[in-house]
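> any chance you can model this:
(2 chains)
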Amino acid sequence: MRRIAFLFASVLLPLACPVQADEVQSEAPQSVVRVNVTNQPWDFGRPWGKRPPYSRRAIGTILPDNQVLVTAELVANANYVELETAEGGQKVPARVEVVDYEANLALLKTDDVAFLKPFKPLELTHAHIGDTLSVWQLENTGTLLVTKGPMTTAEVTRYPIDDAALLVYRMTTPLQFRDSSFTLPVIKDGKLAGLVMRYDNTTNNAEILPAPVIEHFLLDAKKAPYEGFARIGITSSPTRDPQFRKYLGLDASTSGGVYIADVQQDGPAAQGGMEQGDVLLQIDGQAVDQDGNYRDQEYGKVGLAYLFSTKHFDGDKVKCIVFRKGEKKELNVTLKHRPVESYVVEPYIIDRAPKFYVLGGLVLQELSRQYLKEYGNDWQKKAPENFVYFDHQQNELFKNGPKKIVFLNRVLPSEMTVGYEELSQLVLTKINDMAIQSLDDVPKALAHPINGLHKIEFDGEPKIIFLDAAQVEAEAASFQKKYRLPELQHLN
Amino acid sequence: MILRLWPVVLALGLIVSPLRAQPNEIRKSVARINNTMQEGNYRVPWLPGQLGGGSGTGWVVSADRILTNAHVVSNARFLTVEKEDDPKKYIATVEHIAHDCDLAILKVQDPAFFKNTKPLALGGIPELESTVSVFGYPIGGERLSVTQGVVSRIDFRTYTHSVLDSHLTIQIDAAINPGNSGGPVLQEGNVVGVAFQGFSGDVAQNVGYMIPTPVIRHFLKDIEDGHYDRYMDLSIGIANTQNPAMRKGLGLGDDDRGVMVSSVQSAGVCGGKLEVGDVLLSIDGHDIASDGMVELEGERVLMSEVAERKFLGDSVKLGVLRNKKPLDVTIKFDHAWPYLMQANAYDTQPTYILFGGLLFQPLSRNLLGAYRFQNDRISYFYDNFVTKEIYKEHPEVIVLSEILPDPINTYLSEFHDGIVDEINDHKIRTLKDAADAFAEKPEFYVIKFIGYARPLVLERSAVEAARERIRKRYNVLAEQNLSETEATSASR
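Numbering: from 1, shown residues only, chains lettered A, B, ... in the order given. I've put the predicted structure just below:
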């Protein structure tokens, strides 16, 4: 759950606090450009179309090799991207070269090589607790507005795509509202320490996407295909409770260790032999504490996810020592990125059109968190309760299938669907007696009508309905025309 | 769905008196009821509960009985009744209470109360637009109040007292205010309804509801044997069959007859006798239309109205089409629907177990009203308790609703709001199962929660050492109550 508002997603009010814009570095505008993006997300409620486009302005940081770094959120479902010089307002079109929505980073490129030539790329540097960091913004005139603040924390926390947990830096700083305040660079000693990811204007707390994550992303971006951040595929639970430690048989000589509450089915840990109920004591020779942290040389106690995801890469092997039934066991786990397609309820669908199938007026779709988010910021309360439950508990509920949850979103009424008009939000289980594992199964099942009828079964009332197969086929074209649908299906 | 429903008055034990009551006689037979009530405390269930007061109206229904609403006399500790023109307060007790149709019968200890009273006679269903008079003791004054209005609508509606039941209801535009509840609504000297619910003024004006005589007669008939058995229900879901393909698929002709069975509750009277996909063609010889209506004595009513009129021990004959073959099925109403956790509960004591400072309580509407649970599994289990037959595995859904902090449970907050699955490998189906498991003496109590692989572990010696400490610190009067009935609350 995201409790902190996204950076300037809503208008930031002018702050009473004076801005510490004391130091204007003359070279700074030479390292950043404005980035203008027009986004147009798909409409998951009416999956054949897109929502109205909107535009955002941001700051891109220029890196070596003529690359411009921004957050992935900025370019999600982008139709058009352009770069603009801070002073002078010269513009060139750009494209998204590499994007990782889980790590929330994107690299932009322009074919106009000359455009970036005068600029001075920024190098990366790590920041540490207590450092004074500067956040860069641009005034309308193109001059730089610098706001300083101390870095307070480095910890592993959730990123905008709720499923990913990676390192962030936190700093306290009184940022002002400026026109292009998306993806602000955070600078230490003239080098890039991170990008502002979220800002809460009531507490002045900024969450910074930090240099170690950016470095990892840049290294991955050099490889094709892009692999993404690796996972180990476990859910852990603390072992602080002395009664629990005693029950597990951990004697007083063992101080740490985290309980493995769940192992992702067929995930890296499972394939390496880790089991639910193990106590993870060590990774890579690093002791794991009772809360699932380890002592990082740079950041002190941080969550293990930093070790797996950021310090290691997809394909790396890590040596784990677990405690199982009174014995210590050594396991070798090969870390892997978890592809978004492997989720039953996909956590995000960005830059891809939603799948759908219109069957005689029944609009069939696959359940995704992107669909649930159509219910707004408080979708967890407003979206159909059973769908939210399926999303939250998907690791537990669908171990034996289906691969995706196919559901009837709504009915576009027609002669074929008389009496079915009010059906909506029903999980579809079978068509013509064939179990439906994903939307791709729908056309296969429709190839075998029973006595000229399509028998469609749902998880909830009315359980069974029928459509006339010949009628559905004969009226498809006129139905499509009547509702002005660009297409009746979009599958892979 | 709007149901056009107009069941005809049943010829029951009570015969409409040919003599109409005169206005003066009516006044003498209307009583004010004062209730000193005590509701169970679900947050601190060992406490006796909050005391409250309320008043309503009742009326003399037979030589020595008063009829009123169940909600007027629910949770009663002490009841008095008063009449106009009589200074005495008479002590009354509840003889029968029907929470599913919001009616109750009171006994008055002193026969002197009934001197000068005359039982009011029951009439039929008043015509739309005809005038009725509401008698009662609403807020705004001390003496008997009479208001007049017209009959606006006759419909099936939820009875908010239990919230789970719907019966025939008559809407009138006479002012019905708090205190009117239980009072008679008269037309031409006969009772045509009992005022029972309305809207608060900021929702709708001049909308009051009364319980019509078919429901009153059903209640009076049910208690003739000295015991209230509750309304009978088929406990099935039905789907309409208006769609031509649906009709073809089910083997139905073009005669607008029949509904498809879309769910059969295994705990209901039709469990094992009907199947999903069966078509119901007739009920007790009445043809069922494709929208689920039947014609009873010239009026189209919902088919469930036929079951509404039945009593425990009655039967109903269904004409069924199964796999396109006709079949007669007789359903005996041999039990009322057993699982009422989704209904408001009254006159019950909260059941619970306090163990090691952990409070375990069965999920119910009352419990949800007392807590704000964060676990979406609880709302899923609550909403789908019947539809997904969760009651089969968990007749009671046992929730860890509260943790009274103590050194033995200080690390256990992650289990708050969990649903208990097993204790020491015993499957927990009811609170009694949990009590039995806690009565054993293992070295560790290992509690498993649904969907949560990490077990909660309590060391027996620690629980025993903490027991007195917790009892004292939190002033726990009893560590468990397994019985809902008031008189025999067990404690250990």
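> tell me the strands beside the longest strand along chain A, with direction?
What stands out as the longest strand in chain A, according to DSSP state E, is strand A:144-158. Its sheet considered, strand A:144-158 pairs with strand A:132-138 (antiparallel), strand A:165-172 (antiparallel) by DSSP bridges.
> JSON lines for those, including mean pLDDT?
Formatted as JSON lines, those follow (pLDDT from 0 to 100):
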{"stretch": "strand A:132-138", "mean pLDDT": "95"}
{"stretch": "strand A:165-172", "mean pLDDT": "96"}
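> save these as CSV, and put in distance to residue A:34 and mean neighbour count too.
C-beta here means a position set from N, CA and C on the backbone, and glycine is covered the same way. As requested, the strands paired with strand A:144-158 are exported to CSV (distance: least, C-beta to C-beta, whole Å; neighbours: other C-beta atoms under 10 Å in any protein chain shown):
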stretch, distance to residue A:34, mean neighbour count
strand A:132-138, 7, 22
strand A:165-172, 23, 22
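> now do the helices in chain B.
Assigned by DSSP state H, the helices in chain B fall at B:23-28, B:70-73, B:213-222, B:244-250, B:304-308, B:365-370, B:376-383, B:431-439, B:460-473.
> spatially central, which residue of chain A would that be?
Nearest to the geometric centre of chain A sits residue A:161, at 2.6 Å (C-alpha atoms, centre = their mean).
> who's in contact with it?
By C-beta atoms under 8 Å, 6 or more residues apart in numbering or on different chains, the contact list for residue A:161 reads A:101, A:102, A:104, A:347, A:348.
> secondary structure element for it?
Assignment of secondary structure by DSSP states H and E places residue A:161 within no helix or strand.
> residue A:299 against residue A:127, yeah?
No. Between residue A:299 and residue A:127 there is no contact under C-beta atoms under 8 Å: 10.0 Å.
> what sits closest to residue B:355 if chain neighbours are left out?
residue B:438 (5.2 Å; C-beta to C-beta, 6 or more residues apart in numbering or on different chains).
> for the one you found, the count of nearby residues, please.
Using other C-beta atoms under 10 Å in any protein chain shown, residue B:438 has 22 neighbouring residues.
> how near is it to residue B:430?
Separation of residue B:438 from residue B:430 (C-beta to C-beta, to the nearest Å): 13 Å.
> same thing with residue A:342?
Residue A:342 is 39 Å from residue B:430, where distance means C-beta to C-beta.
> neighbour-wise, which of those two wins?
residue B:430 (16 against 13).
> counting neighbours, what do you get for the closest residue to that one other than its chain neighbours?
Nearest residue to residue B:430, sequence neighbours excluded (C-beta to C-beta, 6+ apart): residue B:396, at 4.5 Å. Close neighbours of residue B:396, defined as other C-beta under 10 Å, add up to 21.
> surely residue B:396 meets residue B:429?
Yes. With contact defined as C-beta under 8 Å, residue B:396 counts as touching residue B:429 (6.9 Å).
> can you list the residues of the stretch 101-250 of chain A near chain B?
A:237, A:238, A:240, A:241, A:243, A:244, A:246, A:247 (C-beta under 8 Å from any C-beta of the partner chain).
> in three-state terms, label the fifth one for me.
To tie it back to what came earlier, the one meant is residue A:243. Following DSSP: H, G, I helix; E, B strand; the rest coil, the label given to residue A:243 is helix.
> could you report the pLDDT at it?
Each residue has a pLDDT score; the one for residue A:243 is 95.
> the second one too?
Looking at residue A:238, its pLDDT stands at 94.
> dump the residue contacts of it.
Contacts for residue A:238 (C-beta under 8 Å, 6+ apart) come out as A:258, A:259, A:290, A:291, A:292, B:411, B:414.
> torsion angles phi and psi at it?
phi -60, psi 160 (degrees, to the nearest 10).
> show me what the closest residue to residue B:154 other than its chain neighbours bridges to in the sheet.
Leaving out its chain neighbours, the residue that sits closest to residue B:154 by C-beta to C-beta, 6+ apart is residue B:170, at 5.3 Å. Per DSSP bridges, the residues bridged to residue B:170 are residue B:154, residue B:210.
> burial of the closest residue to chain A within the stretch 301-450 of chain B, as a residue count?
Taking C-beta to the nearest C-beta, chain A has its nearest neighbour within the stretch 301-450 of chain B at residue B:411, 3.6 Å off. Residues lying near residue B:411 (other C-beta under 10 Å) number 19.
> show me the contacts for it.
Going by C-beta under 8 Å, 6+ apart, residue B:411 touches A:238, A:240, A:241, A:244.
> picking up where we left off before, could you dump the strands paired with strand A:144-158 to CSV with distance to residue A:468?
Output for the strands paired with strand A:144-158, formatted as CSV (distance: least, C-beta to C-beta, whole Å):
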stretch, distance to residue A:468
strand A:132-138, 62
strand A:165-172, 50
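> go through these and name the closest to residue B:442.
Among the strands paired with strand A:144-158, strand A:165-172 comes nearest to residue B:442, with 36.9 Å by C-beta to C-beta.
> what about residue A:329, which helix or strand?
Per DSSP H and E: strand A:327-334 holds residue A:329.
> find the residue closest to the residue in the stretch 201-350 of chain A that chain B sits nearest to in space, skipping its chain neighbours.
Nearest residue of the stretch 201-350 of chain A to chain B: residue A:241, at 3.6 Å (C-beta to the nearest C-beta). Leaving aside its chain neighbours, residue A:241 sits nearest to residue B:411 (3.6 Å; criterion: C-beta to C-beta, 6+ apart).
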